[in-house]
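> return a 3D structure for these sequence lines:
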Amino acid sequence: MSSLACAMKGIRGERVALTGVSVASVLRDLLAEVTMRQSYRNEEAVNIEAVYTFPLPLDAVLLELEVEIGGRVLKGVVVEKKAAEEKYEDAIAAGDAAVMLEQLEPGLFTMNVGNLLAQENATVTIRYSLMYRWAGERLRIFVPMSIATRFGDSPHAPHQVPESSLTVENRFSLSMEVFGSLRQAQFTCPSHTVALAHQADKTIISLSEEQAAMDRDFVLNVQAPRTSRSFALCGSDGEGVAAVASFQPFFPGLHQPRPLNLAILIDCSGSMQGDSIAQAKRALEGILDALQPADQVALISFGNATHSLWERLTPCTAANRELSRHFARQLDANMGGTQIGEALQSAYRVLGETTNADILLVTDGEVSTWQPVVQEAKHSGHRIFTVGVGNAVSEAFVRELATSTGGECELVAPREDMAERIVRHFERMRAPRARRAIVHWPEGAVDLAPAQHGAIFDGDTVIATARFDSQMFGGLVVLEIETEAGEILHQELSIMPVPQSETQDQLSSIARFAAAMRLKELDATAGQSTALLYRLISVWTNWLVVAARPEESKTLAIPALRKVPQTMAAGAIFARKRMAVPMPLGGSSAELCRGRIAMPASAVPLQTAPLGIENSFSANNLRTIRQLFRAVPVEEWQEIAKWATQQGHTELARGSSEFGSLVQMLDSFRWTETQLRRGFEILQEARRLGFKLSHGILVESRRLGVDLDEAIAV
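Okay, here's the model as predicted:
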């Protein structure tokens, strides 16, 4: 597919500057190096500044930024944030091109591609590394691709706030090479249709189709029961050496499961509509199945307000369990905005002074200002275990909320095993707690990170880093854990020598990974100094590239700002609550997921991608679906919007109105499958809420061979 085929017009006719994204990953043991390329093209007659906000894995350590523009390839440099912004603006004012990458918050970045001339291309390459973490025998490889619209006013600048468009479908390609013992593992992809190919020294995993819509995160689950899951690596750190150790401890002895004092919070805000609320209800079913008679629980649903089944912890009797199941069956994503801070306050009040009490939170985490919620939770005295659900979960929030309180986080995409994640969380809650955990390094170790280890759970990965001023060292690194029952666990790893290929003045990927671990615990002065020394993007530093142009190519016209819209996360029925920022090109609405296309004959399928609306279109092709929608004129969408407004269904009214605008703007043969499924979901929701389709439309659809009313009822 040509890259230009991915560049769609906005509602005002502007071209979307982002034409494609490619991801190539190399995985050795648990250390991955990922190369992401973003392609931009200015299809307009004026010079533009493209602004694209995108996610990366929370643990990603950015190693390199490279820009290809005007026939040149330029390397990025790390510059103090304010100085980078000034140099970027000076370059634009001088008529040159400039690219700046900024970290907005953990896992969220903004790429500014400034002064892209008419018909000019730019390719921005980001290289990052990360270390994956085992949970028991399972490893989850996660590449975020989509950002769902978040509830509340954003703390970021308007041009940086991600928003979605119904008319834009960003697309990406992906391939992964797996070396070492993991190449023989069992792989399952719940998010996309992928193909697997074995070679002598590696396994290659790639998308079966050439490109896929960026409407959901890429998820790959790995199971390798007999693989070694603990190791130590080291790399050159200038004149010294940096080391990283990854442990997977298993607590010895016979453990008697402890009774739970548990507050269960289920997110029923509007952002949970579609796949997310269905997952949340499945999670609650699994939670209720895992409870035991000795447990005490409270059950709370929340959105703009909270609804508690009980105002205090209640024993898990058979009668109370049945009341809980009835409560669970009534849940729906109809409680407005995601006031998650108030919901947690309700849980704190319910738990009161109860000792050893935990909170289990099921949410998509889509809130704009989440840092104060995390800070408040740290002082609650309760562990919070989170289950992040949906196709575009806010990883930073749900993980930070859990780990900062001594809990743990599980992410679950549609078609992943929800029951397994719930069982894993209950094992963590019932297990003995670690009273003390320390990593003993060989003599001479400095700059240890983390300075103190938080909660450690049986079978979960523990990562530690250190630095040595001399390359002449060796020995063992030892993890020592003491449980509250007095049990002592020791796990030892041998430190491998620095590869001879690395010279003493190099900063290896291991050294920069270790420095990134230290950044999380440093103040502004030490943090900025470390980020500049190790060339790391941070809250104090940006990546910057300035491409000077020949005098005859300079333009002094102010570039037009072009914000790259997001493709709305798959499985979400309606648009989320808008934030107080200008609308992006193309408006804001929800899109449903794409189906799959045929695989090459040589490819081996791992698992098919979800179709979003289960059973609705499984036997119909796109031509039939388009014929079906030709029977629904624009007036019908307007009637749905009018009726929904009168009935108080504001999200349905907004969705129908926006789809009606799409009908007027595009011929049905130009609609993508995502848009067709979006329209079907609106009709399905309208009928579920009581709207009656016009008789003439039903007759016309039957003439085309489709019983529209029956199909929507599925």
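> low-confidence stretches in the stretch 251-400 of the chain?
253-255 (pLDDT under 70).
> kindly report the same for the chain.
Using pLDDT under 70, the chain drops low at 1-15, 166-167, 253-255, 472-473, 499-505, 571-631, 665-674, 700-714.
> domain assignment for it?
231-253+434-508, 261-430, 622-712 (automatic domain parsing).
> what about the helices in the stretch 501-650 of the chain?
With helices called from DSSP state H, counting those that start in this stretch, the stretch 501-650 of the chain shows them at 509-519, 524-533, 622-630, 634-647, 650-665.
> just the strands in the stretch 51-200 of the chain please.
Counting by DSSP state E, counting those that start in this stretch, the stretch 51-200 of the chain has strands at residues 61-69, 72-75, 77-80, 97-105, 108-116, 121-131, 134-135, 138-143, 171-179, 186-188, 194-198.
> burial of the residue nearest to Leu31 when sequence neighbours are not counted, as a residue count?
Spatial nearest neighbour of Leu31, chain neighbours left out: Met131 (5.5 Å); criterion: C-beta to C-beta, 6 or more residues apart in numbering. The way it works is simple: take the backbone N, C-alpha and C, and place the C-beta from them, glycine included. Neighbour count of Met131, defined by other C-beta atoms under 10 Å: 19.
> redo the domains of the chain as TSV? Include distance to Pro55 and mean neighbour count.
TSV is the format used below for the domains of the chain (distance: least, C-beta to C-beta, whole Å; neighbours: other C-beta atoms under 10 Å):
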stretch	distance to Pro55	mean neighbour count
domain 231-253+434-508	21	17
domain 261-430	8	20
domain 622-712	19	18
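> of the ones you listed, give the one that comes closest to Ala524.
Shortest distance between Ala524 and the domains of the chain, using C-beta to C-beta, is found for domain 261-430: 16.1 Å.
> hang on, the earlier thing: quick one: which of the strands of the stretch 51-200 of the chain is nearest Leu533?
With C-beta to C-beta as the yardstick, what comes closest out of these is strand 77-80 (9.4 Å).
> if we can go back for a sec, ok, the residue nearest to Leu31 to Gln186 distance?
Separation of Met131 from Gln186 (C-beta to C-beta, to the nearest Å): 21 Å.
> could you look up the SS state of the closest residue in space to Ser146 that isn't next to it in sequence?
The shortest distance from Ser146 to any non-neighbouring residue, by C-beta to C-beta, 6+ apart, is to Ala392 (4.0 Å). Put simply, Ala392 is coil when judged by DSSP: H, G, I helix; E, B strand; the rest coil.
> quick one: Ala392 and Ser301, what's the gap?
Counting by C-beta to C-beta, the gap from Ala392 to Ser301 is 22 Å.
> repeat for His379
Counting by C-beta to C-beta - His379 and Ser301 are separated by 25 Å.
> just send the strands of the stretch 51-200 of the chain back as CSV, with distance to Arg282 too.
Output for those, formatted as CSV (distance: least, C-beta to C-beta, whole Å):
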stretch, distance to Arg282
strand 61-69, 34
strand 72-75, 47
strand 77-80, 44
strand 97-105, 29
strand 108-116, 28
strand 121-131, 29
strand 134-135, 19
strand 138-143, 18
strand 171-179, 27
strand 186-188, 18
strand 194-198, 24
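> so which of these comes closest to Asn320?
For the strands of the stretch 51-200 of the chain, the distance to Asn320 is smallest for strand 134-135, at 30.6 Å, taking C-beta to C-beta.
> gap between Arg349 and Lys554?
As judged by C-beta to C-beta, Arg349 and Lys554 stand 63 Å apart.
> er, Ala232 actually
Applying C-beta to C-beta, the value for Ala232 to Lys554 is 52 Å.
> doesn't Ala396 fall inside a helix?
Yes: assignment of Ala396 by three-state DSSP places it within a helix.
> surely it and Leu58 touch.
Yes: here Ala396 reaches Leu58: they are 5.5 Å apart, a contact under C-beta atoms under 8 Å.
> find residues that contact each of those two.
Common neighbours of Ala396 and Leu58, using C-beta atoms under 8 Å, 6 or more residues apart in numbering, are Pro106, Gly107.
> still on that earlier bit, in JSON lines, list the helices of the stretch 501-650 of the chain along with distance to Glu492.
Converted to JSON lines, these look like this (distance: least, C-beta to C-beta, whole Å):
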{"stretch": "helix 509-519", "distance to Glu492": "20"}
{"stretch": "helix 524-533", "distance to Glu492": "29"}
{"stretch": "helix 622-630", "distance to Glu492": "58"}
{"stretch": "helix 634-647", "distance to Glu492": "64"}
{"stretch": "helix 650-665", "distance to Glu492": "56"}
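> what about the ones you listed, which gets the closest to Glu105?
For Glu105, the closest of these is helix 509-519, at 14.1 Å, according to C-beta to C-beta.
> contacting residues around the closest one?
31, 33, 61, 63, 129, 131, 233-238, 242-244, 447, 449-450, 463, 465-467, 527, 530-531, 533-536, 538.
> got the angle for it vs helix 524-533?
Going by axes from the mean of the first three to the mean of the last three C-alpha atoms, to 10 degrees, helix 509-519 is angled at 170 degrees with respect to helix 524-533.
> Asn112 against Tyr88, yeah?
Yes: if you go by C-beta under 8 Å, Asn112 and Tyr88 touch, sitting 6.8 Å apart.
> so His490 sits against Val477, correct?
No: using C-beta under 8 Å as the test, His490 is too far from Val477 to be in contact (11.3 Å).
> identify the residue nearest the residue nearest the centre of the chain in space, chain neighbours excluded?
Centroid-nearest residue in the chain, with C-alpha atoms, centre = their mean: Pro144, separated by 4.2 Å. Excluding its sequence neighbours, the residue lying closest to Pro144 (C-beta to C-beta, 6+ apart) is Pro55, at 3.8 Å.
> list the residues that contact the one you found.
Gly107, Leu108, Phe109, Pro144, Met145, Ser146, Ile147, Glu395.
> distance of it from Ile456?
Taking C-beta to C-beta, one finds Pro55 at 28 Å from Ile456.
> what do you get for His425?
His425 is 15 Å from Ile456, where distance means C-beta to C-beta.
> which parts of the stretch 151-300 of the chain are helices?
Secondary structure of the stretch 151-300 of the chain (DSSP H, counting those that start in this stretch): helices at 275-290.
> check the secondary structure at Leu323 for me.
With three-state DSSP as the criterion, Leu323 reads helix.
> show me what contacts it?
Counted by C-beta under 8 Å, 6+ apart, Leu323 has contacts Leu309.
> check Val663 too.
Taking C-beta under 8 Å, 6+ apart, we find Val663 in contact with Val632, Pro633, Val634, Trp637.
> can you do 10 Å?
Counting by C-beta atoms under 10 Å, 6 or more residues apart in numbering, Val663 makes contact with Phe629, Val632, Pro633, Val634, Glu635, Glu636, Trp637, Gln638, Trp671, Gln675, Gly679.
> reformat the residues you listed as TSV; add distance to Ser208.
Output for these, formatted as TSV (distance: C-beta to C-beta, whole Å):
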residue	distance to Ser208
Phe629	27
Val632	32
Pro633	37
Val634	36
Glu635	40
Glu636	36
Trp637	34
Gln638	39
Trp671	23
Gln675	22
Gly679	26
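> nearest to Glu322, of those residues?
Gly679 (39.6 Å).
> if I've got this straight, the closest one is in a helix?
Yes: residue state for Gly679 (three-state DSSP) corresponds to a helix.
> leaving aside the residues next to it on the chain, what's closest to it?
Gly679's closest residue in space is Phe659 (C-beta to C-beta, 6+ apart), at 5.4 Å.
> roughly how far apart are the one you found and Leu683?
Taking C-beta to C-beta, one finds Phe659 at 9 Å from Leu683.
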